[in-house]
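Enquirer: Attaching a predicted model along with its sequence, questions to come.
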Amino acid sequence: MSRSVRLVPAVVALLALTATACDGGVHGTPGGSGVRDPYFPKAGNGGYDVGHYDLALDYTPGTRRLTGTAVITARATQDLSAFDLDLAGLHVDSVTVEGRKARFNRAGQELTVRPHDDLRKGETFSTTVRYSGIPHTLTDPDGSKEGWLPTADGALGLGEPVGSMAWFPSDDHPFDKASYDITVTVPEGLQAVSNGELAGQSTRGGRTAFHWHVAQPMATYLATVAVGRFGLTRGTGPHGLPILTAVDPTQAKASEKVLAQLPAVIKWEETNFGPYPFSSTGAIVDRPDDSGYALETQNRPVFPGAPDTGTLVHELAHQWYGDSVTPKSWQDMWLNEGFATYAEWLWWEDHGGESCRQTFMDYYNGKDRTVWAFPPAKPSSAAHISDGPVYQRGAMVLQKIREKVGDDTFYAIIQGWAAAHRHGSASTADFTAYVQKKAPHQDFSEIWKDWLYGDGKPARP
């Protein structure tokens, strides 16, 4: 015989309280697999914010095999039952969250992690991913190569726009920046150069480990690792700023003269853009065929062969515009490239070349119609975020602002912009609002309408 018992309210409440205590009171939902970037919708992830990456990598160029352990410290921005990391290729050996084994599965670039217990909004948690394999070289929509690039004597890790997921699991979108520790172990006799400062180096059993520390926030696409034979040179710049350059021996002679200008370039850029935003600077010069393009990797840009002065000025200007002030989405790419291109124009104006106005008119009257293919703030597709309109027409927008407000206000704008968003992220809308705030009595509607967002060549220069 069965007997039913009616539960009085006090008993119901007690049972509910007991259940809450047992499961921690967290009933999370999965974080998003992407942040809906207009050009790379699968990039990045929702539900958390990364504070620190601790990467331990072991690489052997002869076999091209990479073994890695990534410890990712993050804060949940919602109650989480699962979350995604971006990782292309490579084999995931294990995942733990807060030291407890976590379930995971793979789907394309998405590594979905299901922790043993749901995570509470605001909770800081640590995820450890152990992985291995031969990392991929990825092809961008514009046909360029990124990710993990094998070189003649090692490898080069480059991440713009989404290549970092080829060599470490991450929240691979520029909006989520973090500090880093990157330790790379390679065969003795090779160097492993990365971002930030060299915090330690040790050799054991025929292999050398290089530990690099990045204290200031860094977007994933700005992380780099260069493995190979490099000549390392240390020096100082303005205010005792540490400078470290790593140059492939085949490029040493060709690079010597231009790299000697690096302290002077930093000093000139500080005059124009404000205090240098990081704790060290420098350059990595590899062989011309290793990447085919220069990239503003944080602290020390990467160059494919000896750079010329203009390219050095351009990539170092990115330390302010792109690295410290990072775009909120890839649609805001002109905030990187327009500013760095205009830095080149300013350099030549100050060093015996054409004025910025004349350079502007050269493009306006030139025969290259691709400059007008699309507005700098609205690239036509992911394949075109690094095309001429983003660079040259983006710089033309800045020249129009300068002519509108005059030099004193213009330099207050570009220096204040770098200071206001130092180590953060910003959008085109943030920039236009900032310009209007700094020059409240000026009407910028024509510049925004015709030069920043307008299709085709504006009728008046």
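Expert: That came through fine.

Enquirer: drop to CA atoms for contacts and neighbour counts, all remaining ones
Expert: Noted.

Enquirer: what about the strands in the stretch 1-150 of the chain?
Expert: For the stretch 1-150 of the chain, the strands defined by DSSP state E, counting those that start in this stretch cover 29-30, 48-60, 65-76, 80-86, 91-97, 100-101, 103-107, 110-114, 124-133, 137-139, 145-150.

Enquirer: Out of those strands, the one nearest S179 is which?
Expert: strand 48-60 (4.8 Å; C-alpha to C-alpha).

Enquirer: Just give the strands next to the closest one in its sheet, each with its orientation.
Expert: strand 65-76 (antiparallel), strand 178-187 (parallel) (DSSP bridges).

Enquirer: so of those strands, which one's packed in deepest?
Expert: strand 178-187 (a mean of 23; mean count of other C-alpha atoms under 10 Å).

Enquirer: Can you name the element that comes right after that one?
Expert: strand 191-194 (DSSP states H and E).

Enquirer: for that following strand, the distance to its chain's centre please.
Expert: Per C-alpha atoms, centre = their mean, to the nearest Å, the displacement of strand 191-194 from the mean C-alpha position of its chain is 18 Å.

Enquirer: Repeat that for stretch 316-335.
Expert: Put simply, stretch 316-335 sits 8 Å off its chain's centre (C-alpha atoms, centre = their mean).

Enquirer: Straight-line length of that stretch, end to end?
Expert: Stretch 316-335 has an end-to-end distance of 15 Å (criterion: C-alpha to C-alpha, to the nearest Å).

Enquirer: Figure out which of the strands paired with strand 48-60 is closest to K400.
Expert: Using C-alpha to C-alpha, the strands paired with strand 48-60 put strand 178-187 closest to K400, at 34.5 Å.

Enquirer: chain center to that closest one, what's the gap?
Expert: 16 Å.

Enquirer: How about exporting that strand as CSV, limited to the C-alpha atoms?
Expert: Output of strand 178-187 as CSV, limited to C-alpha atoms (Å, rounded to 0.1, in the frame of the first residue of the first chain):
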residue,chain,number,x,y,z
ALA,A,178,44.7,40.2,-22.1
SER,A,179,48.2,39.9,-20.6
TYR,A,180,50.4,37.0,-21.6
ASP,A,181,53.2,34.7,-20.6
ILE,A,182,54.6,32.8,-23.6
THR,A,183,57.3,30.2,-23.1
VAL,A,184,58.7,28.5,-26.2
THR,A,185,61.1,25.6,-26.1
VAL,A,186,63.1,24.9,-29.2
PRO,A,187,66.2,22.9,-30.1
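
Enquirer: That strand - what's its average pLDDT?
Expert: Strand 178-187 shows a mean pLDDT of 98.

Enquirer: follow-up on the earlier one: okay, the strands of the stretch 1-150 of the chain in JSON lines with mean pLDDT next?
Expert: Formatted as JSON lines, the strands of the stretch 1-150 of the chain follow (pLDDT from 0 to 100):
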{"stretch": "strand 29-30", "mean pLDDT": "97"}
{"stretch": "strand 48-60", "mean pLDDT": "98"}
{"stretch": "strand 65-76", "mean pLDDT": "98"}
{"stretch": "strand 80-86", "mean pLDDT": "98"}
{"stretch": "strand 91-97", "mean pLDDT": "98"}
{"stretch": "strand 100-101", "mean pLDDT": "98"}
{"stretch": "strand 103-107", "mean pLDDT": "97"}
{"stretch": "strand 110-114", "mean pLDDT": "98"}
{"stretch": "strand 124-133", "mean pLDDT": "98"}
{"stretch": "strand 137-139", "mean pLDDT": "97"}
{"stretch": "strand 145-150", "mean pLDDT": "98"}
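
Enquirer: of all those strands, which gets the most neighbours per residue?
Expert: strand 80-86 (a mean of 24).

Enquirer: contacts for that one?
Expert: Outside of strand 80-86, the residues within contact range by C-alpha atoms under 8 Å, 6 or more residues apart in numbering are 27-33, 43-48, 109-115, 117-121, 165, 169-172.

Enquirer: let's see it at 7 Å
Expert: Defining contact as C-alpha atoms under 7 Å, 6 or more residues apart in numbering, one finds that strand 80-86 is touched by 28-31, 33, 44-45, 47, 109-115, 118-120, 165, 169-172.

Enquirer: Show me where the chain dips below the pLDDT cut-off.
Expert: Within the chain, the ranges that satisfy pLDDT under 70 run 1-25.
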